[in-house]
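*Asks:* give the three-dimensional model of this entry:
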Amino acid sequence: MTRRTRQIALLRGINVGKNKRISMADLRALLTDEGFTDVVTLLQSGNVAFDGPASASANERSIEQAIEQRYGFDVGVIVRTAAQVATTIKKNPIPEGVDDPSKFVVVFLPRKIDAADLASVITDDVAPEQFAVAASGLELYLYAPGGLNDSTLHARLAKQDTTVRAGTARNWNTVNKLLDLAGDK
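*Replies:* You can find the predicted model right below:
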């Protein structure tokens, strides 16, 4: 029997405006049809906890293909184990962001990024905004006290780096709720 682990899928860019609409009930049914179990969702932005085979990359492809087949559009999917999300929370390098969680986000990346590559994007002082790359290279923490919509740092990072653009961001409250939803805290 295949070992199953508790995982979290983060869908990129669904239910934003009128494009790429998927109800969470339909998303739960889709994942169940694909063989995932104990499927639960959070909010309307494509946050799903489930039990599935241990290979996150295979699960990403499976979910992406199922969405393409059923809905006819591409959606990027990033899967992390509940344990990985717990580590993301535990190893937070910007503790002051916790006090302003709606302006503190984690960008979950589809592939590793090198912090040195991003340093070239920041050519002047962007204080009080801050960013840090997780030791794994798979998450980027961004704190924008003035809000993400007005963030110089967010705009520069998203414009300059394709790995960041391919990622999907969740605010600190949502990251913590996802771990609660996954039942691994």
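
*Asks:* low-confidence ranges in this protein?
*Replies:* Within the chain, the ranges that satisfy pLDDT under 70 run 1-2, 15-16, 120-124, 160-162, 184-185.

*Asks:* helix, strand, or coil at Ala66?
*Replies:* Secondary structure, DSSP: H, G, I helix; E, B strand; the rest coil: Ala66 is helix.

*Asks:* surely it is in contact with Glu34?
*Replies:* Yes - Ala66 lies in contact with Glu34 (C-beta atoms under 8 Å); the separation is 5.2 Å. For glycine as for every other residue, the C-beta is placed from the backbone atoms N, C-alpha and C.

*Asks:* show me what the helix or strand hosting Leu142 is packed up against.
*Replies:* Take DSSP states H and E as the rule and Leu142 turns out to sit in strand 139-143. Here strand 139-143 touches strand 104-108, strand 130-133, helix 152-160, going by 3 or more C-beta pairs under 8 Å, 6 or more residues apart in numbering; DSSP states H and E.

*Asks:* try 6 Å this time
*Replies:* Applying 3 or more C-beta pairs under 6 Å, 6 or more residues apart in numbering; DSSP states H and E, one finds that strand 139-143 contacts strand 104-108, strand 130-133.

*Asks:* how about the shortest one: buried residues?
*Replies:* If I follow you right, that is strand 130-133. 130-133 (16 or more other C-beta atoms under 10 Å).

*Asks:* dump these to a markdown table, plus distance to Arg165.
*Replies:* Shown next, in a markdown table, are those (distance: C-beta to C-beta, whole Å):
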| residue | distance to Arg165 |
| --- | --- |
| Gln130 | 20 |
| Phe131 | 15 |
| Ala132 | 18 |
| Val133 | 15 |
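
*Asks:* tell me the domain ranges of this protein?
*Replies:* As assigned by automatic domain parsing, the chain contains the domains 4-84, 85-182.

*Asks:* show the end-to-end separation of the longest one, please.
*Replies:* To tie it back to what came earlier, the one meant is domain 85-182. Domain 85-182 has an end-to-end distance of 10 Å (C-alpha to C-alpha, to the nearest Å).

*Asks:* what's the answer for the shortest one, then?
*Replies:* When the termini of domain 4-84 are compared using C-alpha to C-alpha, they are 15 Å apart.

*Asks:* equivalent analysis for stretch 87-100, please.
*Replies:* 20 Å.
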